[in-house]
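J.: Sequence unavailable; structure follows:
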């Protein structure tokens, strides 16, 4: 009896003093909109999960599930809202059917570049506007990696006039697709796995994917000669989603670990995608020297810009929160672009002129 | 006696099981090259220290000391090497007197921009080359925040020809100063606290600082009419220094926490400095509408470029490690710039042309 009591007090004392070290381990699940093989999008997520695991000394771990497993790529927001997954990794503009304002937290045609957009997120109210938008989904949203300026896509024929766009069959999603539709393009949506064959067989005349780093794995450069420069996705930001209740249940240390890991992983991906693209572009050009980089003629770009502005006006007239975020972005872009032009942009322009 | 034994066993068991939670707290000190008030440089450090403290649940904290306290701004590397401070925050090019190769880990005239340089650091061998350079100082070096493209400085007179540079008195440190000296500029070094007065009283004709966000606090825009665009520091990366033995003594979790916090803080500073500059530039222009942004004429830039190339050749001939890092950067810059030009750069160029 005495012995039992003694053991009991020992256990009690152990529980009392040792609880921080013996706290229940946190085990989360994260659903991606992408397959596990879609690097560097999936790399960003694995990287984030690894950092969380290491920083917490193994007390907080996140199991990452690709779309090949959960089979619900475009259901990630609902699954995070419902709590089946504590986290998701996706892109905000996939939720434009639920709320058109979500597009601004990814990128928009003729919008900010990555330097400008990150400054808007962290120093001009962007994070707060994003959170306001996601409050209705019981989710928190964080930057999840940036592709930088995307390329305008692969075309079988040159686009020399607005006339050349009429009836063109192109895969281009989102607002950019809506802009092209206004100009007479026959915009279609095709699953990623069928894109190569569709372009090769002439089911479509053109398509947009990301940039050299990701495009090279799709093989489009082998079957289409014109690579157009971008206008439509100047700074595509991916997204980490976190269920609000799950986040509130974390210890303050684990909350800080998660937020910091997401931020570092997002930055890592921006860097990785740029590095991948620099290397892939060199490789594409050396293997297929006939690829021509083209910029749409001014007439076409002006029509795209007008169509985009018209689209923004239409949505803003219907939706006050769209209007609020649009105006916040435009005001900040104006001053950020003015400075960008005399600093980053001017440097490259100057050095190029020296080499001519 | 029995009671004593019992207490002893309890304490023994507590020590055995509870040790992870009761591990000795880690208390570090960090010396900055800057005063505590020099934002956003000092903000990056405070931000890093805050993240470490939060993520470790208070088990790992770093006390930040500004140069106003330790009075040894340009002795930070030695103090980290010697272990008086476990960490430092500085800029690698301040150590060029000890090892000229260190300049490449900050920025060099006509070198890479921030996108290119981060890609080089993390995906083209830059981090490994930096560590190799710092091994001899028993220190680890990590990116510590980037200013982006710096402005070329404030000038009292326009520079219209190479002749205008001859005898010009200018404060411009580092390799850029060596380049200007080759062109006949009278390069001087003046303590930051005396810069405003020196420019105002004509002791110097021109000076270089950082960019609008930091320059506005110095007040140069009130006394000099010409703001020249940059060529000399295209992506100034600050530096976290960590004493190697101190790092090795951290738990794996604390090592991961420190590395991740430094990375996130570096990225935060890049964003903050850009945002600050966008806002400051708008403010400067509205308060002093006569400020003129100027780019040096092509003749002058070509001479600067030739002088810089000559300088690189001279140093490379004397120092094999300088040569190794220079060649690594140049090779990567070439392919990165090619891609940058068709993506980020082309977008801004295109949009600007639409607005003309």
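T.: Sure thing, it's come through. Bear in mind the structure is a predicted one, so any value in this text is a computation, not a measurement. Residues are numbered from 1 along each chain as shown, chains lettered A, B, ... in the order given.

J.: Would you mind giving the secondary structure of the residue lying closest to residue A:32 once chain neighbours are set aside?
T.: Nearest residue to residue A:32, sequence neighbours excluded (CB to CB, 6 or more residues apart in numbering or on different chains): residue A:89, at 4.6 Å. The way it works is simple: take the backbone N, C-alpha and C, and place the C-beta from them, glycine included. Classification of residue A:89 by DSSP: H, G, I helix; E, B strand; the rest coil places it in strand.

J.: Check residue A:64 too.
T.: strand.

J.: returning to what we had before: roughly how far apart are the residue nearest to residue A:32 and chain B?
T.: Residue A:89 sits 18 Å away from chain B, going by CB to the nearest CB, to the nearest Å.

J.: again with residue A:197
T.: 27 Å.

J.: per-residue confidence for that residue?
T.: With respect to pLDDT, residue A:197 has a value of 97.

J.: In contact with it: list those residues for me.
T.: Residues near residue A:197 by CB atoms under 8 Å, 6 or more residues apart in numbering or on different chains: residue A:203.

J.: What is the neighbour count of residue A:305?
T.: Residue A:305 has 18 neighbours, counted by other CB atoms under 10 Å in any protein chain shown.

J.: That one reaches residue A:110, doesn't it?
T.: Yes. Between residue A:305 and residue A:110 there is a contact under CB atoms under 8 Å: 5.8 Å.

J.: for the stretch 151-300 of chain A, what spans make up the helices?
T.: Using DSSP state H, counting those that start in this stretch, the helices of the stretch 151-300 of chain A run over A:174-182, A:195-201, A:212-218, A:244-248, A:252-287, A:298-318.

J.: got the buried residues for the fourth one?
T.: Same thing as helix A:244-248. Residues A:244, A:246, A:247 are the ones in helix A:244-248 that count as buried (16 or more other CB atoms under 10 Å in any protein chain shown).

J.: Skipping adjacent residues, who's closest to residue A:325 in space?
T.: residue A:104 is the one closest to residue A:325 (CB to CB, 6+ apart), at 4.6 Å.

J.: how does chain A divide into domains?
T.: If you go by automatic domain parsing, the domain ranges for chain A are A:2-146+A:234-275, A:150-231+A:289-316.

J.: Can you say which of these is packed in most?
T.: Greatest average neighbour count among those goes to domain A:2-146+A:234-275 (a mean of 20), per mean count of other CB atoms under 10 Å in any protein chain shown.

J.: any idea which helix or strand comes after the helix or strand hosting residue A:333?
T.: Using DSSP states H and E, residue A:333 falls within helix A:320-340. Tracing the chain past helix A:320-340, the next element assigned as helix or strand by DSSP H and E is helix A:346-355.

J.: quick one: is that next one near chain B?
T.: Yes. Using CB under 8 Å from any CB of the partner chain, we find that helix A:346-355 touches chain B at A:346, A:347, A:348, A:349, A:350, A:351, A:352, A:353, A:354.

J.: between that helix and helix A:320-340, how many degrees?
T.: Computed by axes from the mean of the first three to the mean of the last three CA atoms, to 10 degrees, the angle separating helix A:346-355 from helix A:320-340 equals 40 degrees.

J.: Rounded mean pLDDT for the helix holding residue A:333, please.
T.: Per-residue scores along helix A:320-340 average to 98.

J.: contacts for it?
T.: By CB under 8 Å, 6+ apart, helix A:320-340 touches A:99-101, A:104, A:108, A:111-113, A:115-116, A:119-120, A:124-126, A:129, A:132-133, A:312, A:315-317, B:212, B:274-275, B:277-279, B:281-282, B:348.
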